[in-house]
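**Student:** could you work out the structure for the sequence below:
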Amino acid sequence: MMFVLFTIVSTEQIATSVNVAASDQITGSAVFSATPNINTIKKEVHVLKDLIYGETKNSFLDIYRPAHQREPLPVILWIHGGGYVGGSKDSRQNYGMALANAGYVVVNIDYALAPDQLYPGPILQANAALEFMMLHASKYGGDMSRLFIGGDSAGAQIASQMAAVISNKPLANAMNIQPAVQIGQLRGALLMCGLYNMDTVRATGFPNIDLFLNTYTGSHRFESFPRIGEMSTVKQITPDFPPVFVSVGDGDPFASQSEELVQALRLQGVAVESVFFKGSGKELKHEYQYALDTIDAQETLKKTVSFLSAKSD
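**Tutor:** This next block holds a predicted model:
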């Protein structure tokens, strides 16, 4: 049994194996720091834990919403990262609660991990979570006519592909997916520190990227996976793709992936707002946005909320 410990400064540590089921536990974290006003947020945000949204393994979601909510609020579906082989919704709870405190119903999902579940399993589960919310959103104060989909790292890739499935009918047909929501419901995508082009992602030098993508696709070399083009969001963007908020640190190996995404979005006339730090010298690492005790993460959160507010009207 061969275990690989993947560590990047200021990011999640994941224990995984190429031979057995990957760990679904976070073994450590240097990035998930709560915002200074987290105690106030905990008093203002109602938390529902571990609702079952589907029949697939690990189909659990949490819902965070303002405790004194008086009217239906826009919904944010959040998809965690972890290289497709690790990670958990639980480490994203403080971040999700901060978004909820700004006036949103946040749906934070888990999904089955590779190698127990291979591609396109997380896409199918994200769609199942949307179907669950279409049935039950009103019970939790959510307005599914104002929907956002977001994620971080591998979760950002999954979120971007889910947005593409909703907005690109040929892709949905090729994947044999009936989207649970219509494109008119999808107001935007929040994409943090993700990967979006499988043709160029190896060149980023992201540690163990071949392990993660080989495990997720069940391939010896992910570039040869027959369906790899479906995963390259830059190839699946149409003019109907929703507006995007995208961010990445200047010290993140995936910085070039976000730059490629912005270029592809603009070529299709899709509205995009980006928060990059190129040339700043800050060397903000992968998943910097979760260190909510830092000024840079706090400022990005403020800009994220401004994007959400503008697209919710």
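**Student:** low-confidence stretches in this protein?
**Tutor:** For the chain, applying pLDDT under 70 flags the ranges 1-30.
**Student:** mind naming the longest strand for it?
**Tutor:** Longest strand in the chain, counting residues (DSSP state E): strand 142-152.
**Student:** that one packs against which elements?
**Tutor:** strand 73-79, strand 105-109, helix 121-136, helix 154-167, strand 186-192, helix 295-312 (3 or more C-beta pairs under 8 Å, 6 or more residues apart in numbering; DSSP states H and E). Any C-beta I mention is one placed from the backbone N, CA and C, and that applies to glycine too.
**Student:** that one pairs with which strands, and in what direction?
**Tutor:** Paired neighbours of strand 142-152 in the sheet (DSSP bridges): strand 73-79 (parallel), strand 186-192 (parallel).
**Student:** reformat those as a markdown table; add distance to residue 285 and mean neighbour count.
**Tutor:** Output for the strands paired with strand 142-152, formatted as a markdown table (distance: least, C-beta to C-beta, whole Å; neighbours: other C-beta atoms under 10 Å):
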| stretch | distance to residue 285 | mean neighbour count |
| --- | --- | --- |
| strand 73-79 | 20 | 26 |
| strand 186-192 | 13 | 26 |
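**Student:** looking at those, spot the one closest to residue 235.
**Tutor:** Evaluated with C-beta to C-beta, these place strand 186-192 nearest to residue 235, the distance being 15.7 Å.
**Student:** re earlier: so how far is the longest strand of the chain from its chain's centroid?
**Tutor:** 11 Å (C-alpha atoms, centre = their mean, to the nearest Å).
**Student:** what do you get for stretch 305-313?
**Tutor:** Worked out by C-alpha atoms, centre = their mean, stretch 305-313 lies 18 Å from the chain centre.
**Student:** kindly export it (C-alpha atoms) in CSV.
**Tutor:** The C-alpha coordinates for stretch 305-313 follow below in CSV (Å, rounded to 0.1, in the frame of the first residue of the first chain):
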residue,chain,number,x,y,z
VAL,A,305,-20.2,39.2,-1.8
SER,A,306,-20.4,42.3,-4.0
PHE,A,307,-20.4,40.1,-7.0
LEU,A,308,-23.2,37.9,-5.5
SER,A,309,-25.2,41.0,-4.6
ALA,A,310,-24.9,42.5,-8.1
LYS,A,311,-26.0,39.2,-9.8
SER,A,312,-28.8,38.5,-7.3
ASP,A,313,-30.9,41.5,-8.4
